[in-house]
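Student: Starting from these lines, generate the structure:
(chains A and B)
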Protein chains: 2
Amino acid sequence: MTVKKLLIRNAEVTDAPAGVPHYIYIEDNKIVFVKKTLPENFDFADVEVLEGGGKLATPGLVNTHGHVAMTLLRSYADDLDLMDWLQNKIWPVEAKMKPQDIYWGSMLGIYEMLRGGTTCFADMYAEMDEVAQAAAKLGIRANLSRGLIGAAPNAQEALAENKQLFKDWHNYDRGQIRVTLGPHAPYTCPDDFLRQVVDASFELGAEVQMHLCETKGEIEDSLRDFGMTPIARMEKIGLLERGVIAAHCVHLTEEDMDIMAARQMRVALNPQSNLKLASGIAPVPALLKEGICVGIGTDGASSNNNLDMLEEVRLTAMLHKATTYDPLALPAAAVWKMATEDGAKVLGFKNLGRLEAGAYADIVLWKMSGPHWYPRHNKLSLLVYAASSQDAETVLVNGKVVLKDGHLTAYDEEKICAETAACAKALLER
Amino acid sequence: MTVKKLLIRNAEVTDAPAGVPHYIYIEDNKIVFVKKTLPENFDFADVEVLEGGGKLATPGLVNTHGHVAMTLLRSYADDLDLMDWLQNKIWPVEAKMKPQDIYWGSMLGIYEMLRGGTTCFADMYAEMDEVAQAAAKLGIRANLSRGLIGAAPNAQEALAENKQLFKDWHNYDRGQIRVTLGPHAPYTCPDDFLRQVVDASFELGAEVQMHLCETKGEIEDSLRDFGMTPIARMEKIGLLERGVIAAHCVHLTEEDMDIMAARQMRVALNPQSNLKLASGIAPVPALLKEGICVGIGTDGASSNNNLDMLEEVRLTAMLHKATTYDPLALPAAAVWKMATEDGAKVLGFKNLGRLEAGAYADIVLWKMSGPHWYPRHNKLSLLVYAASSQDAETVLVNGKVVLKDGHLTAYDEEKICAETAACAKALLER
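Tutor: Numbers count the residues shown, from 1 in each chain, chains lettered A, B, ... in the order given. You can find the predicted model right below:
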C-alpha cells in the first residue's frame, strides 16, 4: 500500500514571529517535520499539497468530557434549578430517546466540534455504538464509554454493553477510538457495583471515566452517607488503582488532591457547565500545583450550550486570574497546553497534542483574516484571548483532512442539521 | 426629501416560535412595525427589501464601556502584573501614539464591533475627534468622551478638548453620536479637578462617564487617602448630581449601592476585563436588586482581547449563577436586556434597544445556519448560550445598512486591517 503524503505549506505556527511561513509534512498519520524551509531533496511525487497561507497551524483541541448526543437537547431546558432540570426535563426526554436520536445528535455534535477545531473528544452516554459509528463516519478521534448508573434496574445490562463496546471499538482504526468504562458518578453507583467495574477494568485492561465532585451537595451527601469524600470512597473501593479520568472536580479537599496526585488521576474540567449549573469554580491552580494532569471539556450541550472548546479555553484562562487575584495565574500558553497536549494525556492518547515531528497529525489551520486577528503582536495570545472557534478552517485528524474550508469532507452538513431537527421534533412529540 | 423605506422580510424574532417569519418595516431611522403578516394595503413603492429568511432579528448590542483605539495594542501585552502592564508596556506605547494610530485603531475596533452585532459603543480616550470621524465613517452609534487625567500636566488642555468635542459632535446626525465628559478615575483626578468637571457638565448639559471601583486596591487607597469609598467621595464632590455612567463597579459596599440607586447612576460592567486583569467579579445580582440600571461592555482590546459583546453577554449570564450558587440568578432574557435596552439607557440613548414600533432601527440579523443553531427549541437561549458573534450577518444602525452579508457597506475591510497592521508596526518601531 502507498503511504499517504501531505504537505501543508506557508502556514504560520505559534512559536515563530508573525509572517514567517512554515512547511508541515505528514506521512500516513504522523507529522514528519515542521520546518521553515523544505529540505533541498524533498520529493513532491504523490504528495498532496494544502495551502496554509494566512493560516495558523496548531494541534487540534481535545474535549475531555461530554455527552455529544445531548446536542439534541440544546436550548430545550435552560435557566432551571438543577433538580427541576434533571427530573422534569432532561431525564423524561432522555427516556424517550431512540438509537437514531443518539446517532443524529452525535453527528451534529461531532460536526460542531470539528467545525470549531476540536479533533478529539470524550463521551459517556447510552447507545454508544451509535456514537462510535458517528465518530468513525466523520473521522474524529474519541474516547468512548457507556454511562453506568449502578443503582438503576438496567445496571448489569449497561455494564455488559460497556464491555461489548470495548471489544467492538477499543483501538479501532489504529487507536483513533479508545473505549473506557463509564461509571456515572459516586452518587449513582453503590460500592458493590463499583467493585464490579474495577473487576471489569482489570479483565479488559480498560481505564475509567467518571463524574466526580461536581457539586457541594454531592460532597455533603457523601460525607453523610459514607463518612468520607467521594475521592476517599473511590480510593477505598479500589477504583483509583486504574487510570481514572475524573470529570468536574469542583469541590476538593487537600487530602482529595493528595490522593489524586498519588494515583495519577487525570482531570477533565468543565468550566462553563459548572458556572451554568451553578456548581462552582474548580480549584485549577491548586490542581496544577499538585502536578495533576488537567484537561478541559465542554460537557453536554444542554448545560453549556455549545461544544466550543476555544470558549472553554478562554474561560479557563480568565476565571482563575480573578479567583486568585493574580493576572499571571494561568497564562495563555499554560491553558493552551491543557486544551491540547495535556487533554490528550487525560484521555490516554500518547504522542498527541503537539505540532512536532513524530506526533500524530491532528492539526487545525485557523484562518487569521477577521478583524480580531489584527494587529498580530502575539499569535498564541490572539488565539487564546481573541479568536473565534469559527476561525477553524481546515482540520486534520490522524493525517486525514476531515474539514476543509469550513466544510466536512465526509458528509453533507445540511442533512445532519435537518435530520437532527427532525429527531428533536419527533422526540418531543413522542 | 424622500423618506427612506426598508422592509426586512421572513426574519424570525426571539419571542415567537421557531419557523415563524416576520416583517419588520422601517421608515427613515425608526421601526414602524414588526408583524407576522403585511398589512393588506402595504405600498411597496420605493421600499428597499432585505431578505431575512433563516435569520434571527434582534436589537443591536450596546457596548457600554471601552477604549476602541486600543485594538492597536491587542495581543501586545498579556499575562502581566497590572502595574508592570501599565507602567512598562501600555503607558510608554500610548505616549507615542499619533492621531492616525487612534483613527485606524478605531476603524478596526468599530469594524470588529459591527461585524459582531454591536451597533452602539461608549469610548474614553485621547484624540477623540479621530474616534468620532471613524464612528461617523462606518455608521455606528456612539457615546464619546475625552479621557481626563486630572493629575496630569495636560489636565486643563484635555478638559478643553472634551468641551470642544461636545460642541463639535454632541447630537451629531440626529443624536447618533452623543458626547460625555470623561474624568478617568477617582485615583487619577484630584477633588478640585473633579469640581471643574462638575461645573463643565452643568455648563454644557453633558453627562459623565468614569472608571469607578475597579480594583480592591482602588478602594483601599481611597479609604486611606480620603477616609471614604470612591462612590462616597464622588457624592461629596457633587459629581453624582449629573448623569453618571460608572464603568466596572467591582468592589462596592451596601452604602455605595444605596448612593448609586438614589443618584440613578448607571453601571457599565466589564466582566471579561475584570477577570483578565484579576480585578474580581462585580456584584451584579445585588446591583439589579437595588434597581440600578446595568449594561455590559468589553473594555479595551488590550484587557479582553476582543470587542465581542456576545461573549460578554454569555460570561455575564454564566458567572453570577456560580457566584450565587443559583442557576436562576441571571436567566438569558435578563442578560439580553442588559446588553440591549438597558445598555442603551446606560449610555443615555432613548427609545433604543427594543425590536418594536417606534424604536430606533438598530437591528442585527443573525444567520442561524451553523451546527450550534440546531435544534431550535428556544432561540433566545441559542443566541445567549450557544451563538457566535460571527453569526451577525447584516447590521442596521439608525435605519441604515452598515454591514451586509458580513461585510461593511462603507469601507474596504482589507484596507482597515492593513492600515492597522502598519500603524502597529510603526508605533513599536517609533
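
Student: Next, the spatially most central residue of chain A: phi, psi?
Tutor: For chain A, the residue nearest the mean C-alpha position is A:N63 (1.6 Å; C-alpha atoms, centre = their mean). Main-chain dihedrals, A:N63, degrees, to the nearest 10: phi -90, psi 100.

Student: Excluding chain neighbours, what is closest to it?
Tutor: Sequence neighbours aside, A:F121 is the residue nearest to A:N63 in space, at 4.1 Å (criterion: C-beta to C-beta, 6 or more residues apart in numbering or on different chains). Using the backbone N, CA and C atoms, a C-beta is placed for each residue, glycine as well.

Student: Burial check on the one you found, number of neighbours?
Tutor: 29 (other C-beta atoms under 10 Å in any protein chain shown).

Student: Tell me the bridge partners for it.
Tutor: A:N63, A:A142 (DSSP bridges).

Student: repeat for the one 4 residues further on
Tutor: Per DSSP bridges, residues listed as beta-bridge partners of A:Y125: A:R146.

Student: Quick check: it touching A:T71?
Tutor: No. Using C-beta atoms under 8 Å, A:Y125 makes no contact with A:T71, being 11.2 Å away.

Student: more neighbours, these two?
Tutor: Each of A:Y125 and A:T71 has its neighbours counted (other C-beta under 10 Å); A:T71 has more, 32 against 23.

Student: That one and B:L428, how far apart?
Tutor: Distance of A:T71 to B:L428, computed by C-beta to C-beta, to the nearest Å: 44 Å.

Student: can you check A:S106 too?
Tutor: From A:S106 to B:L428 the distance is 48 Å (C-beta to C-beta).

Student: Pick out whichever of the two has more residues nearby.
Tutor: A:S106 (32 against 14).

Student: how much space between the residue lying closest to that one once chain neighbours are set aside and A:A247?
Tutor: Take A:S106 and drop its neighbours on the chain: the residue closest to it by C-beta to C-beta, 6+ apart is A:A134, 3.8 Å away. A:A134 is 21 Å from A:A247, where distance means C-beta to C-beta.

Student: quick one: stretch A:254-267 to chain centroid distance?
Tutor: Here stretch A:254-267 is found 21 Å from its chain centre; the criterion is C-alpha atoms, centre = their mean, to the nearest Å.

Student: again, but for stretch A:148-156
Tutor: That offset, for stretch A:148-156, works out to 25 Å (C-alpha atoms, centre = their mean).

Student: which parts of it are buried?
Tutor: For stretch A:148-156, the neighbour count (16 or more other C-beta atoms under 10 Å in any protein chain shown) marks A:L148, A:I149, A:G150, A:A155 as buried.

Student: Next: stretch A:22-40.
Tutor: For stretch A:22-40, by 16+ other C-beta under 10 Å, it's A:H22, A:Y23, A:I24, A:Y25, A:I26, A:D28, A:N29, A:I31, A:V32, A:F33, A:V34.

Student: now, which of these lie within strands?
Tutor: Among these, the members found in strands (DSSP state E) are A:H22, A:Y23, A:I24, A:Y25, A:I26, A:I31, A:V32, A:F33, A:V34.

Student: following whichever strand or helix holds A:E94, which helix or strand shows up next?
Tutor: Applying DSSP states H and E as the criterion places A:E94 in helix A:91-95. Per DSSP H and E, the first helix or strand lying C-terminal to helix A:91-95 is helix A:99-115.

Student: Show me what that next one is packed up against.
Tutor: Helix A:99-115 sits against strand A:118-125, helix A:128-138, strand A:392-397, strand A:400-404, strand A:407-408, helix A:413-429, with contacts defined as 3 or more C-beta pairs under 8 Å, 6 or more residues apart in numbering or on different chains; DSSP states H and E.

Student: swap the cut-off to 7 Å and go again
Tutor: Counting contacts by 3 or more C-beta pairs under 7 Å, 6 or more residues apart in numbering or on different chains; DSSP states H and E, helix A:99-115 packs against helix A:128-138, strand A:400-404, helix A:413-429.

Student: how close does A:R242 get to A:G205?
Tutor: 10 Å.

Student: Then A:L72?
Tutor: Distance of A:L72 to A:G205, computed by C-beta to C-beta: 33 Å.

Student: try A:A361
Tutor: Distance from A:A361 to A:G205, by C-beta to C-beta: 27 Å.

Student: So which of the two has more stuff around it?
Tutor: Neighbour comparison, A:A361 and A:G205: the larger count goes to A:A361, with 25 against 9 (by other C-beta under 10 Å).

Student: Residues that sit against both of A:R242 and A:G205, list them.
Tutor: Counting by C-beta atoms under 7 Å, 6 or more residues apart in numbering or on different chains, A:R242 and A:G205 have no contacts in common.

Student: returning to what we had before: can you lay out the ones in strands among the buried residues of stretch A:22-40 as a markdown table showing distance to chain B?
Tutor: Compiled in a markdown table, these are given as follows (distance: C-beta to the nearest C-beta, whole Å):
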| residue | distance to chain B |
| --- | --- |
| A:H22 | 19 |
| A:Y23 | 24 |
| A:I24 | 23 |
| A:Y25 | 29 |
| A:I26 | 27 |
| A:I31 | 26 |
| A:V32 | 31 |
| A:F33 | 28 |
| A:V34 | 22 |
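
Student: out of those, who's nearest A:H372?
Tutor: A:H22 (22.4 Å; C-beta to C-beta).

Student: For the closest one, which non-adjacent residue is closest in space?
Tutor: Leaving aside its sequence neighbours, A:H22 sits nearest to A:V13 (C-beta to C-beta, 6+ apart; 5.3 Å).

Student: quick one, what contacts A:K35?
Tutor: By C-beta under 7 Å, 6+ apart, the residues touching A:K35 are A:H22, A:Y23.

Student: Okay, it and A:I24: tell me how far apart.
Tutor: In this view, A:K35 and A:I24 are 8 Å apart by C-beta to C-beta.

Student: what do you get for A:Y111?
Tutor: 25 Å.

Student: now swap in A:I219 and tell me
Tutor: 46 Å.

Student: part of a helix, is A:L56?
Tutor: No. Read with DSSP: H, G, I helix; E, B strand; the rest coil, A:L56 is strand and lies in no helix.

Student: just checking, it touches A:W366?
Tutor: Yes. Between A:L56 and A:W366 a contact is recorded at 4.4 Å, counting by C-beta atoms under 7 Å.

Student: Same drill for the two, tell me which one is more crowded.
Tutor: Neighbour comparison, A:L56 and A:W366: the larger count goes to A:W366, with 28 against 24 (by other C-beta under 10 Å).

Student: Can you name the residues that contact the more buried one?
Tutor: By C-beta under 7 Å, 6+ apart, the residues touching A:W366 are A:K55, A:L56, A:T58, A:G117, A:L383, A:A387, A:D391, A:A392, A:E393.

Student: residues touching the first one, list them.
Tutor: Under the criterion of C-beta under 7 Å, 6+ apart, the neighbours of A:K55 are A:A11, A:E12, A:L365, A:W366, A:K367, A:M368, A:E393.

Student: repeat that with 8 Å
Tutor: With contact taken as C-beta atoms under 8 Å, 6 or more residues apart in numbering or on different chains, A:K55 is in contact with A:A11, A:E12, A:L365, A:W366, A:K367, A:M368, A:E393, A:T394.
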